[in-house]
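[1] model this:
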Amino acid sequence: MTKIVSKRLIAIWFLIAIASAIIGILIIDNVGKIYGVNLPIPFIDSIRATTLKKKIVEAENPYLLERVELAKTEDKLVLLEEQMKTREKEIIAKENNAIKKIEAINEREKELAKKEQLLNELEQQKNDRKKNLREQAVSLYNMPPVDAVGLLVKQPESDIVDILREITAYSNEIGANSLAPYYLKLMGDVDREKTANVLRKFQYSSNSEDNGVETLTDFDF
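    As a prediction, the model looks like this:
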C-alpha cells in the first residue's frame, strides 16, 4: 500500500516539475522577447505552437457561439418573415373580399337610384298628364259644346275617357252638372263607333264615377 502511494506521489511531483519547467521556459521566452533576446531554449517552438493553438481555439470559441446564436436569430427572422407574408396574404384576401362587397353594394345602390329615378320620372309624367288632362277638361267645359266635341273626338279613346272624368270632377268642384253625358251624345253624331268604345271603357273601368255616362247605352247615339 505504501509503495502505491509513493508511486503516486512521485508521478504527481514529476508532473509538477514538468509543468514548472514549461512555465519557467515560457516566462524566460517572454522576458527574452521583451528585451529583444532570442534564447535558444530546447522544444520552445513546439511549446509555442501548442500554446498558440490553444489560444486560437479559445479565441474561436466565443465567435463560434456568436455564429450559433446568429444562425438561430436568422432562423427566427426567416420564420417571422414567412409568418408576416402569410398574414399579409390573409389581409390582402380580406381586403379584396371587402372591396368586392363594397363594389357590389355600390352597384346595388346605383341600380336602386336608377329605379328610383325612373319611378320619379313616371310619377312626374303621370302628374304632368293629369295636369294636362285637367287643363284640357276645363278648357273644353268652357267652350261651346259643339266646338268642345269637335276637339274631343280627335283624341285617343283612353284620353277621351280621362278627359270626361276630369270634366265631371271639375263640374263637381264648381257645383254644376257634368257635361260628360251630353258630350258623348254629341260625339255619337260625329263618330258612333268610337263613342261606343269610349262608353264601354267607362262602363268596365274599375274607378268609374257616378257621372251619368255609365247609364248611357249604344242605343242613345
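[2] just checking, what packs against the host helix or strand of residue 117?
    Following DSSP states H and E, one finds residue 117 within helix 44-141. Secondary-structure packing of helix 44-141 (3 or more Cβ pairs under 8 Å, 6 or more residues apart in numbering; DSSP states H and E): helix 2-34, helix 145-152, helix 157-174. All C-beta atoms are positioned from the backbone trio N, CA, C, and that covers glycine.
[3] ok, and for the second one, which residues are buried?
    If I follow you right, that is helix 145-152. Using 16 or more other Cβ atoms under 10 Å as the test for burial, helix 145-152 gives 148-149, 152.
[4] Just name the closest of those residues to residue 70, please.
    Here the nearest of those to residue 70, counting by Cβ to Cβ, is residue 152; it sits at 102.4 Å.
[5] right, and the helix or strand after the strand or helix carrying residue 189?
    For residue 189, the element it lies in under DSSP H and E is helix 180-190. Sequence-wise, the next helix or strand downstream of helix 180-190 (DSSP H and E) is helix 192-204.
[6] Mind checking the pLDDT average for the helix holding residue 189?
    Mean per-residue pLDDT for helix 180-190: 89.
[7] same for that helix, what does it pack against?
    helix 145-152, helix 157-174, helix 192-204.
[8] Nearest to residue 15, out of those helices?
    Nearest of the helices and strands packed on helix 180-190 (Cβ to Cβ): helix 157-174, 131.1 Å.
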